[in-house]
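**Q** sequence-free structure coming up:
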């Protein structure tokens, strides 16, 4: 089964527990993956293993080791991060009828490919046994549909006005639109949201916060750990609803750094995947200070942050976030 990212909601409830995500629009790819993980969590999948290109030889053994379930009957998500080259045989050969028998295993393949042909034998098997989601650049009307879905927290009486404004200001740039959406979420997710209008929101943003959540990205990339911790402590006091945005920022940093570190030309990868030119050198410096093992561990920790924020594991979100920031600091 194949669908486009904007139509994911119509297909995800009917899909098997195997997913292949590809396309040129990284924001849509990240949204799709988050939506899939949320759906799988609701289906009881509580553990996650991430395998990158260099670990793909472990795919078969990982599936075999977990096919029967654990002693505690936990369900496992196996995320395969395909960041370079063609789809390797280690991935293509997993698409067979046996996948349908593994009720306790889900597989998410997050591919760097912009296009995928579904005419080969393995690709046809993939389309039959999984949900293939294409995340291509949106047309203007599709962009506004996407914005409207993601601005559902805005009061309906002026939601269309906000959609039109964001679309006109950042046409074709989902990265910038995503940043604006996350800022608006911070300002609307409180008990008085129905009483707010756009001018109230703007004044609240300027006057109530010492730091913007987006300053956290710069602080981490530039190795300013003390400033990063100060930002977190300030946001915890003034904007306790900023958790989802902070997770998104942390995931953005580690995902970009992890994939760029394996790319033949990290600078080109970052430029082509929505990183502002002014931040590219900071990303390159940050990557030099991290090992592959560090980045893989950080991605696992971010998944645990999501679970702690949702109350699915017994860990303090803010303490875990501060610990993660310390680990990302200069060695």
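**A** All right, it came through fine. Being a predicted model, the structure only gives us computed values, none of them experimental.
**Q** where's stretch 114-131 relative to the chain centroid, distance-wise?
**A** Relative to the centre of its chain, stretch 114-131 is centred 23 Å away, using Cα atoms, centre = their mean, to the nearest Å.
**Q** now do that stretch, average pLDDT.
**A** The pLDDT scores in stretch 114-131 average 86.
**Q** which residues does that stretch contact?
**A** With contacts defined as Cβ atoms under 8 Å, 6 or more residues apart in numbering, stretch 114-131 is touched by 1-3, 11-12, 15-16, 18-20, 22-24, 87, 92-93, 95-97, 99-100, 107, 132, 134, 136. From N, CA and C alone the C-beta is placed, and that goes for glycine too.
**Q** can you tell me which of the residues you listed end up in helices?
**A** 11, 92 (DSSP state H).
**Q** please pick the buried ones from the contacts of stretch 114-131.
**A** Buried by 16 or more other Cβ atoms under 10 Å: 3, 12, 15, 18-20, 22-24, 87, 95, 99, 107, 132, 134, 136, out of those.
**Q** now residue 300, nearest residue through space, not along the chain?
**A** Using Cβ to Cβ, 6 or more residues apart in numbering and skipping the chain neighbours, the partner closest in space to residue 300 is residue 50 (6.5 Å).
**Q** before we move on, what about residue 90?
**A** Nearest residue to residue 90, sequence neighbours excluded (Cβ to Cβ, 6+ apart): residue 56, at 4.0 Å.
**Q** assign a three-state SS to residue 261, would you?
**A** helix (DSSP: H, G, I helix; E, B strand; the rest coil).
**Q** correct me if wrong: residue 232 contacts residue 320.
**A** No: Residue 232 is beyond contact range of residue 320, at 10.9 Å (criterion: Cβ atoms under 8 Å).
**Q** quick one: the residue nearest to residue 300 is in a strand?
**A** Yes: per three-state DSSP, residue 50 lies within a strand segment.
**Q** for it, which residues are in contact?
**A** Counted by Cβ under 8 Å, 6+ apart, residue 50 has contacts 79, 81, 296, 299-300.
**Q** show me those that map onto helices.
**A** 296, 299-300.
**Q** what about the spatially most central residue of the chain, which SS state?
**A** The residue lying closest to the centre of the chain (Cα atoms, centre = their mean) is residue 30, at 3.8 Å. Three-state call for residue 30 (three-state DSSP): helix.
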